[in-house]
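Colleague: Give the three-dimensional model of this entry:
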Amino acid sequence: MRLPRLENLADICDQSAANGTPVRAIVGQDPVGFAEAFLQNYLEGQWINKERKRLTDAIDRAAGDVQTPTPL
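Modeller: Model (predicted):
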């Protein structure tokens with residue numbers, strides 16, 4: 001099983017180590033912020049985000065906040 005997130009993070013770590021880049025130069029002063037920003041690059045394709053958007057859109061339509069697109 002491939003885990004692109006982990007592979008990409010490992011690549012960042014490997015390249016940084018090979019270049020002698022300090023850890024703080026990569027993660028900055030907020031390692032949690034770095035991790036969250038890193039994960040944001042991978043969240044769009046997850047089903048939960050699609051379902052959240054679908055729910056929000058459905059409620060917006062039901063509340064009259066957004067018009068349903070007219071089919072062509």
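Colleague: how much space is there between the residue nearest to the spatial centre of the chain and G33?
Modeller: With distances taken as C-alpha atoms, centre = their mean, Q40 lies nearest the centre of the chain, 1.8 Å away. To G33, Q40 is 11 Å away according to C-beta to C-beta, to the nearest Å. From N, CA and C alone the C-beta is placed, and that goes for glycine too.
Colleague: and what of A17?
Modeller: 22 Å.
Colleague: With I12 instead?
Modeller: Distance from I12 to G33, by C-beta to C-beta: 15 Å.
Colleague: who's more crowded, those two?
Modeller: Per other C-beta atoms under 10 Å, whichever of I12 and G33 has more neighbours is I12, with 14 against 11.
Colleague: so what's that one up against?
Modeller: I26 (C-beta atoms under 8 Å, 6 or more residues apart in numbering).
Colleague: Now it: phi and psi?
Modeller: Torsion angles at I12 (phi, psi; degrees, to the nearest 10) stand at phi -60, psi -50.
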